[in-house]
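> Sequence plus the predicted model coming up.
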Amino acid sequence: MPVEICVSGQTLTARLSGDIDHHTALAMRTDIDRAVRDTPVTLLILDFSAVTFMDSSGIGLVMGRYKLINGLGGECRIADPPAYIARVMKLAGLDRLCRIVSLARIPHREEAENNADN
Amino acid sequence: MPIIKKNCINEMKLCFAAVSENEAFARACVSSFLSQLDPLVSELAELKTAVSEAVTNSIVHGYRNISGGTVLLQMRLYADRRVYIKIRDKGCGIEDISKAMQPLFTTAPEEERAGLGFSVMESFTDSLRVKSSSGHGTVLVMEKILQEKDDGSIESEFSDKSRRKHRTCTPLRK
Ligand SMILES: Nc1ncnc2c1ncn2[C@@H]1O[C@H](COP(=O)(O)OP(=O)(O)OP(=O)(O)O)[C@@H](O)[C@H]1O
Ligand SMILES: [Mg+2]
């Protein structure tokens, strides 16, 4: 499964894994969008800790999810991207749309603790 | 082929179908072929990303309305640790190259394309040349000189080890 969804309170965490490119991005987008529409939440966390590669298709993926959750009045965070992927994100200015955080240190404590179970 | 092959220590040419499955295949080939020069983790990631951008552009834009197209990937390694990468398609071509290369310019916003492919290629290589003609296709040539292995630097994924010019693109605004 390229996307694992975990809902806890008002937080939906989408754990992405593997390579994010034009070939894989569409299925990830569909999975995340379905989950967000089924379960309205105020915080969407895109967990990048298990992502092994990302090109500009991943930038489009994050921007699109940011727009979706923002349109629903919520916020978006990017969690734990590998260093090289964080560079691609910063190059695109994604960190201005979605704060890059570490799941261990996310301000919403309960959610973070629940998420630690996966 | 011309005689510019001086000091070329290895070369490969690969032609593959313009289908999205081959984006990962092209990256795997880049990794495998470059391993001879023992690149830094960061250099390998940069070149894989640049090639992924170029190949994806050929598949997504070049062959948008054309089926059965192929993409050519050619790589050369030089004794001075220079890597030469050429990616060619025979797709629709680019009408206005300088416009296409502007950060955030895309002809496919409805597909969630960010318009940052060229910016990524530029920042992750030392040079990028684009030739294209409408209706005939597009050729990209990227070059990058890899770090010497014995320069005493400790590899950190966090450090930008580039001793060459560093370019960034205009950040997105909210
Ligand atoms: N090989 C190609 N053939 C035809 N048109 C191309 C080709 N490569 C790029 N283009 C054109 O140049 C534009 C910009 O390319 P670029 O890679 O920077 O952004 P993008 O592909 O639109 O979005 P992203 O790469 O961020 O997903 C494209 O939208 C397309 O119109
Ligand atoms: Mg592109």
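Good, I have the coordinates. Ligands and ions are numbered 1, 2, ... in the order given.
> how far does the helix or strand where A:D19 lies sit from the chain's center?
A:D19 belongs to strand A:11-20 when assigned by DSSP states H and E. A distance of 6 Å separates the centroid of the chain from that of strand A:11-20, by Cα atoms, centre = their mean, to the nearest Å.
> Next up, the contacts around B:H136.
B:H136 makes contact with B:K90, B:G93, according to Cβ atoms under 8 Å, 6 or more residues apart in numbering or on different chains. In this view, the C-beta of every residue, glycine as well, is placed from N, C-alpha and C.
> gap between stretch A:96-103 and the chain center?
Relative to its parent chain, stretch A:96-103 has a centroid offset of 9 Å by Cα atoms, centre = their mean.
> Ends of it, what's the gap?
Start-to-end span of stretch A:96-103 (Cα to Cα, to the nearest Å) is 18 Å.
> wait, does the strand holding A:D19 contact chain B?
Yes: with Cβ under 8 Å from any Cβ of the partner chain as the criterion, chain B is reached by strand A:11-20 at A:D19.
> quick check, B:L47 in a helix?
Yes: using DSSP: H, G, I helix; E, B strand; the rest coil, the secondary structure at B:L47 is a helix.
> Next up, the contacts around it.
Neighbour list for B:L47: B:V30, B:L34, B:P39, B:V83, B:I85, B:F124, B:T125, B:K144 [criterion: Cβ under 8 Å, 6+ apart].
> Would you point out which residue is most central in chain A?
A:L46 (1.2 Å; Cα atoms, centre = their mean).
> Name the strands paired with the strand holding A:D19 and say parallel or antiparallel.
In the sheet, strand A:11-20 lines up against strand A:3-8 (antiparallel), strand A:43-54 (parallel) (DSSP bridges).
> Which of those strands has the highest mean neighbour count?
Of all the strands paired with strand A:11-20, strand A:43-54 has the most neighbours on average by mean count of other Cβ atoms under 10 Å in any protein chain shown, namely a mean of 21.
> Quick check: which ranges of chain B have low pLDDT?
B:1-5, B:150-174 (pLDDT under 70).
> let's see it at 50
By pLDDT under 50, the low-scoring segments of chain B are B:157-174.
> What parts of it come near ligand 1?
B:53, B:57-58, B:61-62, B:89, B:91-94, B:100, B:105-108, B:113-118, B:138 (Cβ under 6 Å from any ligand atom).
> could you redo the last one with a cut-off of 5 Å?
Counting by Cβ under 5 Å from any ligand atom, the positions of chain B adjacent to ligand 1 are B:57-58, B:61-62, B:94, B:100, B:106-107, B:113-118, B:138.
> so which of those residues comes closest to B:M75?
B:S58 (15.6 Å; Cβ to Cβ).
> Spatially nearest residue to the closest one (excluding sequence neighbours)?
Spatial nearest neighbour of B:S58, excluding adjacent residues (Cβ to Cβ, 6 or more residues apart in numbering or on different chains): B:D89 at 3.6 Å.
> what is the one you found paired to in the beta sheet?
Going by DSSP bridges, B:D89 forms beta bridges with B:V71, B:T138.
> these two touch, right, it and B:G137?
Yes: counting by Cβ atoms under 8 Å, B:D89 does reach B:G137; the two are 5.1 Å apart.
> which one of those two has more residues nearby?
It is B:D89, of B:D89 and B:G137, that has more neighbours when counted by other Cβ atoms under 10 Å in any protein chain shown, with 26 against 21.
> what sits against the more buried one?
B:A18, B:S58, B:G62, B:Y63, B:G69, B:T70, B:V71, B:L72, B:G137, B:T138.
> Quick check: the third one touching B:G69?
Yes: when contacts are counted by Cβ under 8 Å, B:G62 is listed as touching B:G69 (7.0 Å).
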